[in-house]
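Trainee: The sequence isn't on hand, but the structure is:
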């Protein structure tokens, strides 16, 4: 049963964030509307603005959650792996898991202008932590490499993964290109290439 309009929501900010995360996955970040979220939660259309000045601020909050989750997934992958090379592979797999498991959130994080030079500190912090998680995995697997070489490897490896994701999500990989490779074989081939570049 919907809450009567104007009713004070117990934790409207948390409810808005959860509803926004769901909306981003359902319709994509570009379609997010504070008015629609307010209606779905049964509060006045003015109520969300007590917590977020505009939709961009709410999107930044969601993106920050995504980067925090990604950094945590990287840390978990690295902690559970038996060696640095396996840790790097599982770190790459965590990135792919985000892209294919939460494509709306992934698009917001990596294909929108929310993360730019004007991004708030509460977003840039988690974004930097996620990058450091990737950098750490590459550094650990690149024994003796200097920081510049590690950065080069991290960026080129990430680009390989991101390019693959873009092709898959854009429907650009056709069967005549990939057969007889199965999806799993293709994914492992991309991971192999990423590790060779690292």
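Mentor: Now that the structure is in, tell me what you want to look at. Everything quoted here is computed from the prediction, not taken from an experiment. Residues are numbered from 1 along each chain as shown.
Trainee: and residue 74, helix, strand or coil?
Mentor: Following DSSP: H, G, I helix; E, B strand; the rest coil, residue 74 is assigned to helix.
Trainee: Surely it touches residue 134?
Mentor: Yes: counting by CB atoms under 8 Å, residue 74 does reach residue 134; the two are 6.4 Å apart. Yep, even glycine has a C-beta here, placed from its N, CA and C like the rest.
Trainee: which residues do the two both contact?
Mentor: residue 91 (CB atoms under 8 Å, 6 or more residues apart in numbering).
Trainee: how about the helices of the protein, start to end?
Mentor: 12-27, 34-41, 55-80, 84-101, 103-110, 121-141, 147-169, 175-178, 183-197 (DSSP state H).
Trainee: export those to TSV and tack on distance to residue 47, mean neighbour count and mean pLDDT?
Mentor: Shown next, in TSV, are the helices of the chain (distance: least, CB to CB, whole Å; neighbours: other CB atoms under 10 Å; pLDDT from 0 to 100):
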stretch	distance to residue 47	mean neighbour count	mean pLDDT
helix 12-27	6	17	95
helix 34-41	6	18	95
helix 55-80	13	19	97
helix 84-101	31	20	97
helix 103-110	23	21	96
helix 121-141	21	19	95
helix 147-169	34	16	94
helix 175-178	48	9	95
helix 183-197	43	15	89
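Trainee: would you list those helices in CSV and tack on distance to residue 48?
Mentor: Formatted as CSV, these follow (distance: least, CB to CB, whole Å):
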stretch, distance to residue 48
helix 12-27, 6
helix 34-41, 5
helix 55-80, 7
helix 84-101, 26
helix 103-110, 18
helix 121-141, 18
helix 147-169, 29
helix 175-178, 44
helix 183-197, 39
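Trainee: which stretch among the ones you listed comes nearest residue 49?
Mentor: Nearest to residue 49 among these is helix 34-41; the distance by CB to CB comes to 7.1 Å.
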